[in-house]
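Q: generate coordinates for the sequence data below:
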Amino acid sequence: MKDMLVLGRLKEGKFEKFMGFMQSDIGMAERKKVADVTKTVGSVTPDKSAVMFKISVHNEAALKAFLDGSNPVSKPIMDEVMESYEIFELNKVS
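A: Sure, this is the predicted structure:
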């Protein structure tokens with residue numbers, strides 16, 4: 001498992017649609033292919049224009065496919081709601 005941070009910028013007014021998918025049975029099934037969803041920590045900006053998730057990833061290729069449109073299940077929703085995204089690797093600092 002690798003801790004990663006995903007910052008997604010959403011198209012205007014698309015937060016509810018995005019979260020609806022992420023919390024749906026289909027969205028949860030796809031997210032489980034990428035990461036341990038029980039360890040996900042999420043946040044949203046006050047204006048709901050961006051979301052941030054700290055996730056414990058077990059399949060990095062599936063994460064990229066989930067976000068970039070090469071996953072056929074997530075592609076329609078990501079095309080509709082996502083303006084852009086960035087993925088960061090997290091390293092613990094002592």
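Q: this protein: strands as residue ranges?
A: 2-10, 41-44, 50-57, 82-89 (DSSP state E).
Q: dump those strands into CSV; add distance to Asp25 as well.
A: Placement of C-beta: from N, CA and C, glycine included. Converted to CSV, the strands of the chain look like this (distance: least, CB to CB, whole Å):
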stretch, distance to Asp25
strand 2-10, 21
strand 41-44, 18
strand 50-57, 19
strand 82-89, 20
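Q: adding mean neighbour count and distance to Glu16, write those out as TSV.
A: Converted to TSV, those look like this (neighbours: other CB atoms under 10 Å; distance: least, CB to CB, whole Å):
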stretch	mean neighbour count	distance to Glu16
strand 2-10	17	10
strand 41-44	12	11
strand 50-57	18	12
strand 82-89	14	14
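Q: which one of these lies nearest to Leu67?
A: strand 82-89 (5.2 Å; CB to CB).
Q: what mean pLDDT does the closest one get?
A: Mean pLDDT, taken over the full extent of strand 82-89, equals 96.
Q: do stretch 33-44 as well
A: Mean predicted lDDT for stretch 33-44 stands at 95.
Q: how long is it from one end to the other?
A: Taking CA to CA, to the nearest Å, stretch 33-44 runs 23 Å from one end to the other.
Q: go on, stretch 31-45?
A: 21 Å.
Q: what's the separation between the closest residue to Asn71 other than its chain neighbours and Gly27?
A: What sits nearest to Asn71 in space, not counting adjacent residues and going by CB to CB, 6 or more residues apart in numbering, is Ala65, at 4.2 Å. Distance, Ala65 to Gly27, using CB to CB, to the nearest Å: 14 Å.
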